[in-house]
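**Student:** Sharing a model that was predicted from the sequence below.
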Amino acid sequence: MVSVTSGTGGHTESDLTALVRAAQDGDEDAFRLLYRQVQPGLLRYLRGMVGADAEDVASEAWLQITRDLRRFRDEGAGFRAWAAGIARHRALDHLRRRGRRPAATLSADALVDLPAAQDTADQAVQAAATRAAIELIATLPTDQAEAILLRVVVGLDARATAQVLGKRPGAVRTAAWRGLRRLAARLDPQTVRDGAIAPEPGLRPPTPTVRRLAAGE
Amino acid sequence: MIRDDAREDEMSKPSPRRMDRKTAERLLDADPVALSQAGPLAAPLRAARGPVRHDEMAGEQLAVAAFRAAADLAPEPRPRRESMLKITLAKLLTVKAATVVAASGLGGVALAAGTGALPNPLVDPPARPATHAPAAPTATPSHPAGPADRAGASDGPSPSLVGLCKAYAAGAATNPGKASENPAFAELVEAAGGAGQVDDYCADAASEDRAHPTGAPSGAGRPTTRPTPNPRGGTTSRPDTPTTKRPGGVPTVTAPGAPTGSVPAATPRTPGR
């Protein structure tokens, strides 16, 4: 496993364990730190699931997390996976109430040049790039989008992701792999230029924004 | 998709459509080498892990309020571990002191929390309840230990910094070098005066924290519902007790861009690029 620092999911599970125990004992500061470690990834995952309602669903999730925190027992996948499972159930409830998963569309935020955003210190550009990336992943079929988001932004491994999704690790790996290939194909300048991507179920044809991103303009 | 699967073993050309499962796994794990070879796919994968933004933490006060409510409703505190007992007691004393401050109309942690004024190490200057402390000594003249408590709460390493130290130490043990880059530790790093000073700073903080009493009632699980037992001792041993200024090491400005901005750089910069 490569040591990676990232905006989300960068903290290892063992680091969280002490915070979780302290929070279970009522330590508010520990809970605060826990929230700051876990919330960004959860929110990004939820944004991919429920779009603009992600904040509301995240709040519901934290309400349940705080309520059930003392009952949390790590069964191997860790606190992040437990929290993600709660967030996922809240998201599914939300989608049941609201209808189905909202059609992911690339918003005006996506009009940012993703490759250039890597090299900028401009927070607004970085934030827009993050949002655009989540929206891009969210255009995938739900099982692929979920598998990728839980891995990439929540920071779970395949086993923990499988536990959250109630699937076998192999199935989760396959879904993420397919999703990544699909994204890569969409972003490939050759295929984007040629318009060679056949429309697949659940996948909208590349928008002008995606073409622009892929072309690196 | 089916056509792609059939060509899966053709890996001679680095076409994204022939990405193999192993490569996919490495990309999902943010392997920098894999990302550097991922072409256009690298950008969204990196951006998805981009720096934490302020607005992503907007629900913190709500979550903390829920945490407090849940703690108040909890029937029985779980059996405390020895290691947690000490630090929790230290915090309880601070919270009680702050409650006294709040009750005497001088502000403090409780009020600050209620108004969303508690510092977020990612974005806010780590303003402590210390800003309310100067008036504290006159508030309860009949209670000599009180002012010291309040001053102590503001001048020693704050409970959150002590907690940060613990988390930092845990992080540094498992992943040396990584903890210092984590935005959650920005407050700690700044308070210490740099990533290289954190160990020393935390060693000092720990020695001061150890000076906290361990003989206080062990059942003190409800800070807000109990009176203020044993108000002395907990914080009077802190060195800077009488002063009400922030310690010099605690910065008044936390540039939001600095800690978060450094984070994504760790991922994209890969050897060979």
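**Tutor:** Structure received.
**Student:** Can you give me the pLDDT of whatever residue of chain A ends up closest to chain B?
**Tutor:** Here the residue of chain A nearest chain B is A:Ala184; by Cβ to the nearest Cβ that distance is 3.1 Å. Any C-beta I mention is one placed from the backbone N, CA and C, and that applies to glycine too. The per-residue pLDDT reported for A:Ala184 equals 90.
**Student:** what does A:Leu95 give?
**Tutor:** At A:Leu95, pLDDT is 92.
**Student:** Helix, strand, or coil at it?
**Tutor:** Using DSSP: H, G, I helix; E, B strand; the rest coil, the structure places A:Leu95 in helix.
**Student:** how deep is it tucked in, by neighbour count?
**Tutor:** When neighbours are counted by other Cβ atoms under 10 Å in any protein chain shown, A:Leu95 registers 17.
**Student:** got it, and A:Ala124?
**Tutor:** Counted with other Cβ under 10 Å, A:Ala124 comes out at 11.
**Student:** Pull out the buried positions in whichever strand or helix holds it.
**Tutor:** Per DSSP states H and E, A:Ala124 falls inside helix A:123-138. Residues of helix A:123-138 classed as buried: A:123, A:125-138 (neighbour count, 16 or more other Cβ atoms under 10 Å in any protein chain shown).
**Student:** Kindly report the same for stretch A:69-82.
**Tutor:** Buried-residue list, stretch A:69-82, by 16+ other Cβ under 10 Å: A:Leu69, A:Arg70, A:Phe72, A:Ala77, A:Gly78, A:Phe79, A:Arg80, A:Ala81, A:Trp82.
**Student:** From the residues you listed, pick the one nearest B:Ala70.
**Tutor:** Closest approach between the buried residues of stretch A:69-82 and B:Ala70, by Cβ to Cβ: A:Leu69, at 6.9 Å.
**Student:** If I follow the layout properly, that closest one ends up in contact with A:Ala23?
**Tutor:** Yes: A:Leu69 is within contact range of A:Ala23, at 6.1 Å (criterion: Cβ atoms under 8 Å).
**Student:** Which of the three states applies to A:Leu46?
**Tutor:** helix.
**Student:** What separation is there between it and A:Ile86?
**Tutor:** 11 Å (Cβ to Cβ, to the nearest Å).
**Student:** Same check on A:Asp15?
**Tutor:** As judged by Cβ to Cβ, A:Asp15 and A:Ile86 stand 20 Å apart.
**Student:** With just CA atoms, put the helix or strand hosting A:Ala83 into CSV.
**Tutor:** Using DSSP H and E, A:Ala83 maps to helix A:78-98. Extracted in CSV, the C-alpha atoms of helix A:78-98 (Å, rounded to 0.1, in the frame of the first residue of the first chain):
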residue,chain,number,x,y,z
GLY,A,78,-13.1,0.5,10.6
PHE,A,79,-15.0,3.6,11.6
ARG,A,80,-14.8,5.2,8.1
ALA,A,81,-16.7,2.2,6.6
TRP,A,82,-19.2,2.2,9.4
ALA,A,83,-19.9,5.9,8.9
ALA,A,84,-20.0,5.5,5.2
GLY,A,85,-22.5,2.7,5.6
ILE,A,86,-24.7,5.0,7.7
ALA,A,87,-24.4,7.7,5.2
ARG,A,88,-25.3,5.4,2.4
HIS,A,89,-28.4,4.2,4.1
ARG,A,90,-29.4,7.8,4.7
ALA,A,91,-28.8,8.5,1.0
LEU,A,92,-30.8,5.6,-0.1
ASP,A,93,-33.7,6.6,2.2
HIS,A,94,-33.4,10.1,0.7
LEU,A,95,-33.5,8.7,-2.8
ARG,A,96,-36.6,6.6,-1.9
ARG,A,97,-38.3,9.7,-0.7
ARG,A,98,-37.2,11.9,-3.6
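**Student:** buried ones in that helix?
**Tutor:** A:78-88, A:90-91, A:94-95.
**Student:** I figured A:Ala23 hits A:Tyr35, correct?
**Tutor:** No: if you go by Cβ under 8 Å, A:Ala23 and A:Tyr35 don't touch, sitting 9.1 Å apart.
**Student:** Checking the residue of chain A closest to chain B next. Helix, strand or coil?
**Tutor:** helix.
**Student:** ok, now A:Thr120?
**Tutor:** coil.
**Student:** doesn't A:Ala128 make contact with it?
**Tutor:** No: A:Thr120 is beyond contact range of A:Ala128, at 10.3 Å (criterion: Cβ under 8 Å).
**Student:** Could you give the number of residues near A:Asp122?
**Tutor:** Here the number of neighbours of A:Asp122 (other Cβ under 10 Å) works out to 14.
**Student:** From A:Ala129, how far off is it?
**Tutor:** Distance from A:Asp122 to A:Ala129, by Cβ to Cβ: 10 Å.
**Student:** Now list whatever residues contact both of these two.
**Tutor:** By Cβ atoms under 8 Å, 6 or more residues apart in numbering or on different chains, A:Asp122 and A:Ala129 have no common neighbours.
**Student:** one step back: give me the packing partners of the helix holding A:Ala124, helices and strands only.
**Tutor:** helix A:28-50, helix A:114-117, helix A:142-149, helix A:169-187, helix A:208-215, helix B:42-48, helix B:257-266 (3 or more Cβ pairs under 8 Å, 6 or more residues apart in numbering or on different chains; DSSP states H and E).
**Student:** averaging pLDDT over each of those helices, which comes out lowest?
**Tutor:** helix B:257-266 (a mean of 38).
**Student:** count of residues packed around B:Asp29?
**Tutor:** As a burial measure, B:Asp29 scores 18 neighbours (other Cβ under 10 Å).
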